[in-house]
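Asker: Just a sequence and a predicted model for now, questions to come.
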Amino acid sequence: MQTGTLAPATGPTSVRSVVRDSWLRSVKGGVNPSGMIDAGGMSWNDFLEYRAGHPMAAAYPLVRSLMLDEVSDSGVVVALTDDVGRLLWVEGDHKARDQAGGINFVEGAVWAERVAGTNAPGLALEVDHGVQIFGAEHFSVPVQEWNCVAAPVHDPVTGAVIGVIDVTGGERVAAPFALSMVKSVVAAVESELRVRTLTGNAPAVAPATGPELLVLDGDRYFWRTGSAPALRLSRRHAEILVLLGEYPDGLGTEEIATMLAEDGIDPVTVRAEISRLRRDLGADLVASRPYRLTVPVESDIEQVRRLLRGGDVAGAIEKFGRGGLLAASLAPGIADVFEELKEDMRSTVLAARDPVLLRVWTGSVHGREDLAAWRRWAQTLPPGHRDEALVRGRVRLLDRRFGI
């Protein structure tokens, strides 16, 4: 990009006014077109705490269910930002995520226009409407290999911008429909936030007073105590803590061994893992004979159950997300917890016969091929409903897929 003439290095000779205005602000603000994007200046633990408490955390599960299954192998990434351009979540195609890391398009980095120059999420925040930015329109030269579309998300009560939903990638993101897709997702998110506000089903969960185990947010698992920094857990330690939480009366060495592996593991290995767990989290946390937790431990798994018991089924589905450790683990004991919790949600949805809940469930990764749920949704719709054709079409597709 030639910042002296404000002309792109390649592409059309005419520059759209929204892009030209953004370039001018970038130049005036002293953005370096050849520089790297700000890493964010926040420790990882502080970032996790900030992200968990941000209003966009309520939007994240729905965005995952609506978008991420469609882009997992598409060469694009989906990002959610806060209201100042900090990337809260960056997910999608693994190869694209790795490549995006090369321009510091990573969780925690700040992509506000004043920091990164012209880019879709930063510009969407600046102008408060959806935008599509093509490669050479980016102010920063390292970013000009990418296309991106973004649209702002608004608070349902105040109308203030709380963040942005962005899709970044190659040629697919340059297509005319890309911005419309993002705007549709934003509309669904804002509608969901509005419903939850009106019904009093706020997504926030009261902060834990004791230790907290977090295993449902992707492939990173954390142990948090009070205001101390969160400690990242290995998968094995997270699995053991989940099992001990599920069996408060305790488990023997052999029981834990068979719950951690199909063919069991050496009891000596179990004892060694418990020893390391005590070393990392506190010598008094796990009692012996049988192994059991000595203090109440809050977990996001239990938060899902509380939401279900409290009648906030949509909130439970969103909190559960893709299942985190429960979905990824090969441990039989963890797989049992995963299947039980999925069935609890599914049974509650089917029993409710609520078209809104059926939409949320079938929109999730766990319910998208649930033929019974799609059929139940079809039964709840009055003739001529706007969703009728889509739902009945999905029923026919699943009938064929399953050979029914």
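Answerer: Cool, got the structure.
Asker: Helix or strand next in line after the strand or helix carrying Thr197, which one?
Answerer: Element membership for Thr197, per DSSP states H and E: helix 177-199. Once the chain leaves helix 177-199, the next helix or strand it forms, by DSSP H and E, is strand 211-214.
Asker: Determine how far that following strand lies from the middle of the whole chain.
Answerer: The chain centroid and the centroid of strand 211-214 are separated by 18 Å, computed with C-alpha atoms, centre = their mean, to the nearest Å.
Asker: For Glu298, which residues are in contact?
Answerer: Neighbour list for Glu298: 208, 210-213 [criterion: C-beta atoms under 8 Å, 6 or more residues apart in numbering]. All C-beta spots, glycine's among them, are computed from the backbone N, C-alpha and C.
Asker: Gly245 versus that one, what's the distance?
Answerer: Computed as C-beta to C-beta, to the nearest Å, the Glu298 to Gly245 distance reads 9 Å.
Asker: What is the neighbour count of Val161?
Answerer: Neighbours of Val161 under the rule other C-beta atoms under 10 Å: 17.
Asker: Name the residues linked to the residue nearest to it when sequence neighbours are not counted by a beta bridge.
Answerer: Excluding its sequence neighbours, the residue lying closest to Val161 (C-beta to C-beta, 6 or more residues apart in numbering) is Pro152, at 4.6 Å. Beta-bridge partners recorded for Pro152 (DSSP bridges): Val164.
Asker: Show me where the stretch 51-200 of the chain has its strands.
Answerer: Using DSSP state E, counting those that start in this stretch, the strands assigned to the stretch 51-200 of the chain run over residues 77-81, 87-92, 131-133, 147-154, 161-169.
Asker: Packing partners of the third one?
Answerer: When you say that, I think you mean strand 131-133. Contacts defined by 3 or more C-beta pairs under 8 Å, 6 or more residues apart in numbering; DSSP states H and E place strand 131-133 against helix 120-127, strand 147-154, helix 177-199.
Asker: before we move on, back to that, list residues touching both of Glu298 and Gly245?
Answerer: By the contact definition C-beta under 8 Å, 6+ apart, Glu298 and Gly245 are jointly contacted by Leu213.
Asker: quick revisit: could I get the strands of the stretch 51-200 of the chain as CSV with mean pLDDT and distance to Ser180?
Answerer: As requested, those are exported to CSV (pLDDT from 0 to 100; distance: least, C-beta to C-beta, whole Å):
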stretch, mean pLDDT, distance to Ser180
strand 77-81, 93, 15
strand 87-92, 89, 19
strand 131-133, 92, 10
strand 147-154, 94, 9
strand 161-169, 93, 11
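Asker: sorry, back to before: who are the packing partners of the helix holding Thr197?
Answerer: In terms of contacts (3+ C-beta pairs under 8 Å, 6+ apart), helix 177-199 is packed against helix 60-63, strand 131-133, strand 147-154, strand 161-169, helix 313-320.
Asker: Figure out which of these is closest to Val349.
Answerer: helix 313-320 (6.2 Å; C-beta to C-beta).
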